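Participant: coords below, sequence missing:
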């Protein structure tokens with residue numbers, strides 16, 4: 001059974017950092033594209049970053065470029081999202097997802113992902 005479990009969320013002050021983890025079980029994570037998405041109250045789910053299943057290229061949404069870094073540890077079957085210089089507008093539930101059907105390329109459209117974790121809350125506030 002394919003499963004994704006996120007962790008690492010919490011409350012942080014503006015300018016602070018958090019590292020989110022997405023641990024996979026039931027499949028080899030590095031074969032598929034893995035995406036991070038977030039959803040704030042009253043807003044649609046938006047793509048944050050993703051890594052391809054071939055070559056490991058990464059893509060970032062404009063609001064997080066230069067602040068967030070996605071990485072993958074194949075030995076631990078885990079993907080990480082390092083978030084620096086956090087802003088109040090980064091507050092949301094963060095989800096990781098796997099794109100197991102179709103291409104292994106990285107896209108930031110949530111419709112392309114078919115396995116999702118339960119999400120982890122990130123709150124940026126003073």
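Facilitator: Perfect, I can see it now. Being a predicted model, the structure only gives us computed values, none of them experimental. Numbers count the residues shown, from 1 in each chain.
Participant: What's opposite the residue nearest to the spatial centre of the chain in the beta bridge?
Facilitator: Central residue of the chain (CA atoms, centre = their mean): residue 36, 2.2 Å from the mean position. Counting by DSSP bridges, residue 36 is bridged to residue 49, residue 96.
Participant: now swap in residue 58 and tell me
Facilitator: Counting by DSSP bridges, the residues bridging with residue 58 are residue 51.
Participant: Tell me how far it lies from residue 29.
Facilitator: Look at residue 58 and residue 29: by CB to CB, to the nearest Å, they are 14 Å apart. C-beta coordinates here come from the backbone N, C-alpha and C atoms, glycine included.
Participant: Residue 99: what's its closest spatial neighbour, skipping adjacent residues?
Facilitator: Leaving aside its sequence neighbours, residue 99 sits nearest to residue 33 (CB to CB, 6 or more residues apart in numbering; 4.1 Å).
Participant: so is residue 85 in a helix, a strand, or just coil?
Facilitator: Assigned with DSSP: H, G, I helix; E, B strand; the rest coil, residue 85 falls in the coil class.
Participant: surely it meets residue 67?
Facilitator: Yes - proximity of residue 85 to residue 67 meets the contact threshold set by CB atoms under 8 Å, at 4.7 Å.
Participant: Residue 58 and residue 29: who's more crowded?
Facilitator: The residue with more neighbours, out of residue 58 and residue 29, is residue 29; 24 against 15, by other CB atoms under 10 Å.
Participant: List phi and psi for the nearest residue to the more buried one once chain neighbours are set aside.
Facilitator: Of all residues not flanking residue 29 in the chain, residue 77 sits nearest, at 4.9 Å (CB to CB, 6+ apart). Dihedral pair for residue 77: phi 50, psi 50, per degrees, to the nearest 10.
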